[in-house]
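1. have a look at this prediction, sequence included:
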2 protein chains.
Amino acid sequence: MKKNNKISTAVIRRLPRYYRHLEALHQNGVVRISSSALGERTGLTASQIRQDLSCFGEFGQQGYGYNVESLMTEIADIMGMNKGHTAVVVGAGRLGRALLANFPFGHYGVTLTAIYDIDPKLIGTTIAGVPVYPTNELNTRLAAQPVDIGILTVPPGVAAETANRLACLGVKGIWNFTNMELGLHLTDLVVENVHFSDSLLSLSYMISE
Amino acid sequence: MKKNNKISTAVIRRLPRYYRHLEALHQNGVVRISSSALGERTGLTASQIRQDLSCFGEFGQQGYGYNVESLMTEIADIMGMNKGHTAVVVGAGRLGRALLANFPFGHYGVTLTAIYDIDPKLIGTTIAGVPVYPTNELNTRLAAQPVDIGILTVPPGVAAETANRLACLGVKGIWNFTNMELGLHLTDLVVENVHFSDSLLSLSYMISE
DNA sequence: TAGATTGTTAATCGATTAACAATC
DNA sequence: TAGATTGTTAATCGATTAACAATC
């Protein structure tokens, strides 16, 4: 009984959190969990969890709760982890390489098809098993073989320009690690910003009380 | 006319965004801006901006708007950028080093006093001008000279344990880059999570519609 | 069966938006 | 002065919480 009304961003932002906790529970061999127990773990109310999940279907069972593994699988599916999303990384500097080395893209259902950089020393090599191409081949390569996500780890100076190119080349989403506001107002493009500075400044505020 | 009622997290999360845009405006030589113009830039309503700012004081002027530089300065101050916060980085792996190399801590009013790692090759060196100490000296060094913020870039396996040590050593905040839930429930400790996976999964959901 | 816990409806709470008098 | 734009109060909207019948 999927309900495609319109999911609020508040709910969407909580889905990965549910997933993270369910994954940990599953790894610890926990088979079932009630909304109240999950609430305790996640720091949310049982009511909110049931409300959130009910946006997508009926995954629980009265008197029992939720099966950890199947709820985990359902949420993974809802979040698009089984859509086979493809992505390219643009910018293989320290941050790009740290991400490539540490972040388990495959685990989240994202396949990296290429890395782009301007450094001649990197061209032709592979990083984390992904080939590095020169950035000036971005247009032709992506035109020939579109991808879903552009991961932006370029220096701030070329962030906006690169984002524009990615947008024109038809990516559906940009994962933006530059501290720049991309200012793209295309309705069909999603920009997810990872603004470290915003995060640190919030922390700074909260410890300054 | 500061009003210390209780600022909602929604407002706190928008402060860095205001700051970012004001900084850019200032760099472009813009001297004054109205709430509606700032709203257009930031994608928020003029009403919300005025409402938000009024939590902290009266920074504008009727018929004129806000002075970009002074509003920027005010917000910087509100966010604690002038508190002289100190921080240590724990974990000098790829991510830690990328952060050290790229992120302008000083610009946000945070002074790094030390880096801790277990790799003997790194001990005694400096990264981005900050000395690296062995992690087993964390307790004695922080006990002797407390810091405000612990930046957690250790591998997931030791995240919880390291966070606990930092908490016991009196840090006020933890900037958590591990994908782990730290599960510290100390009332006087603030944990700011940078969960890359949550961010990517939200993006994944949003492009999957 | 009796106890537990769901999904959902209704009530509450908080956050955003609109409106406007005050005033630069 | 007249026009613009603030800070703030009131109205609206949305999100969270509480309650409970349904049922495993």
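-> Yep, it's here.

2. and the top strand by length along chain A, anywhere near chain B?
-> Assignment by DSSP state E gives strand A:110-117 as the longest strand of chain A. Yes: legend: contact between strand A:110-117 and chain B by C-beta under 8 Å from any C-beta of the partner chain is shown at A:V110. The C-beta positions use only the backbone N, C-alpha and C, and glycine is treated the same way.

3. direction included, what does that strand pair up with?
-> strand A:85-90 (parallel), strand A:130-134 (parallel) (DSSP bridges).

4. which SSE is the closest residue to DNA strand D within chain A in?
-> Per C-beta to the nearest atom of the strand, A:G63 is where chain A lies closest to DNA strand D, at 2.4 Å. With elements delineated by DSSP states H and E, A:G63 resides in a region that no helix or strand encompasses.

5. span of stretch A:62-73 from start to end?
-> End-to-end span of stretch A:62-73 (C-alpha to C-alpha, to the nearest Å): 20 Å.

6. centre of the chain to that stretch, how far?
-> Relative to its parent chain, stretch A:62-73 has a centroid offset of 24 Å by C-alpha atoms, centre = their mean, to the nearest Å.

7. does it reach chain B?
-> No: figure legend: stretch A:62-73 not in contact with chain B (C-beta under 8 Å from any C-beta); closest approach 12.6 Å.

8. so which residues of chain A form strands?
-> Under DSSP E, chain A gives strands at A:32-33, A:60-61, A:65-67, A:85-90, A:110-117, A:126-127, A:130-134, A:149-152, A:173-176, A:190-193.

9. in JSON lines: those, plus mean neighbour count.
-> Putting these into JSON lines (neighbours: other C-beta atoms under 10 Å in any protein chain shown) gives the following:
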{"stretch": "strand A:32-33", "mean neighbour count": "20"}
{"stretch": "strand A:60-61", "mean neighbour count": "14"}
{"stretch": "strand A:65-67", "mean neighbour count": "20"}
{"stretch": "strand A:85-90", "mean neighbour count": "23"}
{"stretch": "strand A:110-117", "mean neighbour count": "21"}
{"stretch": "strand A:126-127", "mean neighbour count": "14"}
{"stretch": "strand A:130-134", "mean neighbour count": "17"}
{"stretch": "strand A:149-152", "mean neighbour count": "28"}
{"stretch": "strand A:173-176", "mean neighbour count": "26"}
{"stretch": "strand A:190-193", "mean neighbour count": "20"}
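
10. how about a markdown table for the ones you listed, with mean pLDDT and distance to B:E69 added?
-> Compiled in a markdown table, the strands of chain A are given as follows (pLDDT from 0 to 100; distance: least, C-beta to C-beta, whole Å):
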| stretch | mean pLDDT | distance to B:E69 |
| --- | --- | --- |
| strand A:32-33 | 98 | 52 |
| strand A:60-61 | 97 | 54 |
| strand A:65-67 | 98 | 53 |
| strand A:85-90 | 98 | 34 |
| strand A:110-117 | 98 | 37 |
| strand A:126-127 | 98 | 42 |
| strand A:130-134 | 98 | 41 |
| strand A:149-152 | 98 | 29 |
| strand A:173-176 | 97 | 27 |
| strand A:190-193 | 96 | 25 |
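
11. from A:G173, how far out is A:I149?
-> 5 Å (C-beta to C-beta, to the nearest Å).

12. remind me which residues of chain A are low pLDDT?
-> For chain A, residues meeting the criterion pLDDT under 70 lie at A:1-4, A:186.

13. where exactly do the helices run in it?
-> Assignment of helices within chain A using DSSP state H yields the ranges A:9-27, A:35-42, A:46-53, A:68-78, A:94-102, A:138-144, A:159-168, A:196-206.

14. circling back to that earlier point, could I get the strands paired with strand A:110-117 as CSV with distance to B:N102?
-> Shown next, in CSV, are the strands paired with strand A:110-117 (distance: least, C-beta to C-beta, whole Å):
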stretch, distance to B:N102
strand A:85-90, 16
strand A:130-134, 19
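
15. who are the neighbours in contact with A:T113?
-> A:T113 makes contact with A:86-88, A:130, A:145, A:147 under the criterion C-beta atoms under 8 Å, 6 or more residues apart in numbering or on different chains.

16. find the nearest non-adjacent residue to A:T178, please.
-> A:A159 (3.9 Å; C-beta to C-beta, 6 or more residues apart in numbering or on different chains).

17. count the neighbours of the one you found for me.
-> Using other C-beta atoms under 10 Å in any protein chain shown, A:A159 has 22 neighbouring residues.

18. so it sits against A:N176, correct?
-> Yes: contact criterion C-beta atoms under 8 Å: A:A159 and A:N176 qualify, at 7.5 Å.

19. got any residues that touch both of these two?
-> Counting by C-beta under 8 Å, 6+ apart, the residues touching both A:A159 and A:N176 are A:152, A:182.
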